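>>> 3D model of this:
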Amino acid sequence: ATRAFFTSRAATWEEHFAADGPRYAAAVTRMELLPGQRAMDMGCGTGLALPALRTEVGPKGAVLGVDLTPAMLTAAAYEGRASLAQLLLADACRLPLPTGSLDGIFSAGLIDHVPDSAAALREWARLTAPGGVLLLFHRSGRAERAARHGRPLDPDDLLAEENLRPALNATGWDLLCHEDAAHHFLARAVRVD
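Here you go, the predicted model:
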């Protein structure tokens, strides 16, 4: 169902979200990546974060854009973002990458869409070297999204700090920053040994 949802929107995704590029870039800088490091955009869609990730890790770094939807990766390539990153069609819970092969993972709006968030967070921890960073981002805060969909805030929402912190701790992460602001959501966690 998730793949079908995003496949149907891939062709117009850039029209709706291209203006968010600077917001994605600002979020990526919060990862504090270094030149030469290895970064991934998990659920990259059309690749809005890929230019910022490439800027952060520089020409000697590695950038990977991963998505489950072929149409999104096709759109990312069409937008010229395949020159910035290797694009990979893969499931967020089963990635064909070696353990500890990344220094940072950026993920915008994906964790709410995976069928098993704990499995995804564990897999992302497996891929990330100790001390590496995970940045979960959304272009709007939880209250703004709930209001837009005409519903109250859900106390069981994974992104609520009281739910996210234990979920991250149980899967190999330490939550260092949680911002649920009016116009963005950002959580920064570090991979623990």
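>>> Using CSV, write out the CA atom coordinates for the lengthiest strand in the chain.
The residue-count maximum for a strand in the chain (DSSP state E) belongs to strand 128-138. Taking Å, rounded to 0.1, in the frame of the first residue of the first chain, the C-alpha atoms of strand 128-138 are listed here in CSV:
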residue,chain,number,x,y,z
THR,A,128,25.8,2.9,11.2
ALA,A,129,29.2,2.9,12.7
PRO,A,130,29.4,3.7,16.5
GLY,A,131,29.1,7.4,17.0
GLY,A,132,27.3,7.8,13.7
VAL,A,133,24.2,9.9,13.5
LEU,A,134,20.5,9.4,12.6
LEU,A,135,18.4,12.4,11.8
LEU,A,136,14.7,12.0,11.5
PHE,A,137,13.0,15.1,9.9
HIS,A,138,9.7,16.3,8.7
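>>> Distance from that strand to the middle of the chain?
Offset of strand 128-138 from its chain centre (CA atoms, centre = their mean, to the nearest Å): 9 Å.
>>> Quick check: what element follows it along the chain?
Later in the chain than strand 128-138, the nearest helix or strand by DSSP states H and E is helix 142-148.
>>> who's in contact with that following helix?
Counting contacts by CB atoms under 8 Å, 6 or more residues apart in numbering, the residues outside helix 142-148 that touch it are 138, 140, 152-154, 157, 159-160, 180, 182-183, 185. All C-beta atoms are positioned from the backbone trio N, CA, C, and that covers glycine.
>>> Can you give me the buried ones in that helix?
The neighbour-count check on helix 142-148 (16 or more other CB atoms under 10 Å) flags 142, 144-145 as buried.
>>> Nearest spatial neighbour of Val192, chain-adjacent residues omitted?
Asp174 (5.1 Å; CB to CB, 6 or more residues apart in numbering).
>>> again, but for Ala125
Excluding the flanking residues, the one nearest Ala125 by CB to CB, 6+ apart is Gly172, at 3.3 Å.
>>> Now do the same contact list for Arg54.
Residues in contact with Arg54, defined by CB under 8 Å, 6+ apart, are 61, 63, 84-85.
>>> From these, pick the one nearest Ala27.
Of all the contacts of Arg54, Val63 has the smallest distance to Ala27: 15.2 Å, by CB to CB.
>>> who are the neighbours in contact with the closest one?
38-41, 50, 53-54, 57, 84-86.
>>> Quick check: buried residues in stretch 149-163?
Residues of stretch 149-163 classed as buried: 158-159 (neighbour count, 16+ other CB under 10 Å).
>>> Can you get me the start-to-end distance on it?
With CA to CA, to the nearest Å as the measure, the ends of stretch 149-163 fall 21 Å from one another.
>>> Can you give the contact residues for that stretch?
For stretch 149-163, contacts defined as CB under 8 Å, 6+ apart pick out 111-112, 117, 136, 138, 142-143, 146, 164, 167, 175, 178, 180, 185, 187.
>>> Please apply the same query to stretch 27-34.
Contacts made with stretch 27-34 from outside it, assessed by CB under 8 Å, 6+ apart, are listed as 39, 49, 52-53, 55-57, 61, 103-104, 106, 108, 133, 135, 137, 177, 184, 186, 188.
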